[in-house]
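1. Sharing a model that was predicted from the sequence below.
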Amino acid sequence: MANKKELRIGLIGCGFMGRTHSNGYKRVGDFFPELEFRPVLKAVCSRSKDKVQAFAEQWGYESFETDWETLITREDIDAVDICAPNNMHAEIAIAAAAAGKMILCEKPLSRTLAEGVAMVDAIEKAGVPNTVWYNYRRVPAVTLAKQIIDSGKLGKIFHYRANFLQDWTINADLPQGGEGLWRLDIDAAGSGVTGDLLAHCIDTAIWLNGGIKDVSALTETFVKERMHQLTGKKEKVGIDDACIFHCHFNNGSLGLFESTRYARGHKALYTFEINGEHASIRWDLHDLNRLEYFDHADDSIVRGWRSIHVTDGDQPYMDKWWVPGLSIGYEHSFVHQVADFLKCLESGEPCSPTFKEALETQKVCEAVIDSANTRSWKTI
């Protein structure tokens, strides 16, 4: 440890994602001991003093702040990690870049494309390392899917389909806005399932299958009014509860995407399937250590879907964990993202997805919402 370079972390936001990121920082050195950099939990920031102090004590942060502007100006902070609601991403990132800080930003990059462009401009002007936490790329089975596709085993790709289904907002009495429910407030979130859930699907799709050319979408808001926790009044709901879109990819394949928070019985069903000329692959978050693979080149008498248990040491990331056959979980994808960010600091390479790469997902999200509102095809 004595020879390690310190990367002093300033975390903004201490909700669910603040916990996942903190866990990643704390565990990365245990399982990636070869890394030159060692994260140091220097400070965490949230507006509630009692809450942020308790979070700092639980997770081992050396100090806490209640004003993010104070945190980003501290000389003992090297990297700012943005886990605040979406409406704060742009302001914090632009200020942090001006202060010369490295920036790790929770997804989606921003509420709107305009905000995202301003963030990318600020990052490029400052020349600071940056990344966006699209963690599903770092699930070993998903990374293996990327390797299989890049090897050419699928051949020409014809179809990409994905969905992300939840059911937690079905209750019409659920309020919007405020702590814990800001994702239902259009001003804080920017959109509903499109920016929250489909952004994950879109990022993975672009990473695996290349850019999206155009989209045609529809959205629905099932509960039109909800009580707002901050005003105490019933207000119009501006976010999308459900979204379906289809698209053309630049490689000529067709895409089909669906997301909703109104699929009773589903808490976090995220799946994708890719059909190619020679082979197909599919993945399910509920069984995240398995990748299903179909190869038409197999002899007909044994041809069929095979289940690849992604736990062997020669599969992505798995040499860092347990013995073959023993699984890892959701939280490990964040450890992997921290490890990749630290490796990129060593090499000087950008850590994908960078702000500029995440802006491509933001372009698709904006086109999806625009298409649904105008009932027309939109070019990315």
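-> Received the coordinates, thanks.
2. in stretch 366-375, what's buried?
-> 366-369, 371-372 (16 or more other CB atoms under 10 Å). The way it works is simple: take the backbone N, C-alpha and C, and place the C-beta from them, glycine included.
3. can I get those in TSV with pLDDT, distance to Lys320 and secondary structure?
-> TSV is the format used below for the buried residues of stretch 366-375 (pLDDT from 0 to 100; distance: CB to CB, whole Å; DSSP: H, G, I helix; E, B strand; the rest coil):
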residue	pLDDT	distance to Lys320	secondary structure
Glu366	98	37	helix
Ala367	98	38	helix
Val368	98	36	helix
Ile369	98	39	helix
Ser371	98	42	helix
Ala372	98	42	helix
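4. Look up phi and psi at the residue nearest to the spatial centre of the chain.
-> Closest residue to the average C-alpha location of the chain: Tyr134 at 2.7 Å, with CA atoms, centre = their mean. In terms of degrees, to the nearest 10, the main-chain angles of Tyr134 are phi -90, psi 80.
5. For it, which non-adjacent residue is closest in space?
-> The spatially closest residue to Tyr134, leaving aside those adjacent along the chain, is Asp203, at 4.3 Å (CB to CB, 6 or more residues apart in numbering).
6. for that neighbour, phi and psi?
-> Main-chain dihedrals, Asp203, degrees, to the nearest 10: phi -60, psi -50.
7. what separates Thr169 from Val368, distance-wise?
-> Distance from Thr169 to Val368, counting by CB to CB, to the nearest Å: 19 Å.
8. do Arg261 as well
-> 16 Å.
9. now, among the buried residues of stretch 366-375, which is nearest to Met88?
-> Taking CB to CB as the measure, Met88 sits nearest to Glu366 out of the buried residues of stretch 366-375, at 18.9 Å.
10. Test my guess that that closest one contacts Leu113.
-> Yes. The criterion here is CB atoms under 8 Å, and Glu366 meets it with Leu113 at 4.4 Å.
11. Looks like Leu285 contacts Lys267 (just checking).
-> No. In this structure Leu285 lies outside contact range of Lys267 using CB under 8 Å: 10.1 Å.
12. Among those two, which residue is more densely surrounded?
-> Leu285 (17 against 10; other CB atoms under 10 Å).
13. In a markdown table, list the buried residues of stretch 366-375 along with distance to Asp67.
-> A markdown table is the format used below for the buried residues of stretch 366-375 (distance: CB to CB, whole Å):
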| residue | distance to Asp67 |
| --- | --- |
| Glu366 | 31 |
| Ala367 | 36 |
| Val368 | 35 |
| Ile369 | 33 |
| Ser371 | 39 |
| Ala372 | 38 |
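14. Closest one of those to Pro175?
-> Ile369 (23.3 Å).
15. Please report the distance of the closest one from Cys247.
-> 14 Å.
16. Mind pulling the model confidence for Asn3?
-> On pLDDT, Asn3 comes in at 84.
17. For stretch 181-194, buried residues please.
-> 181-186, 188-194.
18. Then stretch 88-106?
-> 88-97, 99, 101-106.
19. out of these, which are inside helices?
-> Applying DSSP state H to the buried residues of stretch 88-106, the entries found in helices are 89-97.
20. All the helices of the chain, residue numbers only.
-> Using DSSP H, helices in the chain cover 16-31, 49-59, 68-73, 89-98, 113-126, 140-151, 186-189, 193, 199-209, 332-347, 355-374.
21. Quick check on the residue nearest to Ile170 when sequence neighbours are not counted: phi, psi?
-> Spatial nearest neighbour of Ile170, chain neighbours left out: Tyr262 (5.6 Å); criterion: CB to CB, 6+ apart. Dihedral pair for Tyr262: phi -120, psi 30, per degrees, to the nearest 10.
22. same check, this time on the one 5 residues further on
-> As for Lys267, its main-chain torsions (degrees, to the nearest 10) stand at phi -90, psi -40.
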